[in-house]
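J.: model the structure of this input:
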Amino acid sequence: MSVAKVIEITASSPKSMEDAVQTGIRKTSETVKGIKGVWVNEIKAIVGDDGAISEWRVNLRITFVVS
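T.: Sure thing, here's the model as predicted:
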């Protein structure tokens with residue numbers, strides 16, 4: 001029997017939604033081991049003065065096994 005924990009983080013990227021997710025997972029994995037899954041809970045785009053998207057933000061729920 002295993003036990004899992006879920007944490008919620010926010011990550012961002014000027015490139016894309018996928019890059020924001022990857023950035024969040026990569027940074028979290030520096031201190032959290034045993035990551036098994038991620039839910040993209042919310043997506044937000046920041047629009048600059050020129051009307052173009054300048055940043056993507058994602059709220060992630062990351063699941064990892066507690067040892």
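J.: dihedrals phi and psi, Val3?
T.: Per-residue torsions, Val3: phi -120, psi 130 (degrees, to the nearest 10).
J.: ditto for Lys27
T.: phi -70, psi -40.
J.: for Asp50, same thing?
T.: The phi/psi pair for Asp50 (degrees, to the nearest 10) reads phi -80, psi 0.
J.: and Ser54, how far is that from Gly34?
T.: Remark: distance between Ser54 and Gly34 (CB to CB, to the nearest Å) = 34 Å. Quick note: C-beta positions are derived from backbone N, CA and C, even for glycine.
J.: what does Arg26 give?
T.: Distance from Arg26 to Gly34, by CB to CB: 15 Å.
J.: quick one, what contacts the nearest residue to Val47 once chain neighbours are set aside?
T.: Distance criterion CB to CB, 6 or more residues apart in numbering; nearest residue to Val47, sequence neighbours excluded, is Ile53 at 6.0 Å. Neighbouring residues of Ile53 by CB atoms under 8 Å, 6 or more residues apart in numbering: 45-47.
J.: quick one, what contacts Gly37?
T.: Going by CB under 8 Å, 6+ apart, Gly37 touches 62-63.
J.: and whichever strand or helix holds it, what's buried?
T.: Using DSSP states H and E, Gly37 maps to strand 35-47. For strand 35-47, a neighbour-count test (16 or more other CB atoms under 10 Å) marks Val38 as buried.
J.: same question for stretch 60-67.
T.: Neighbour-count burial for stretch 60-67 flags 60, 62, 64 (criterion: 16+ other CB under 10 Å).
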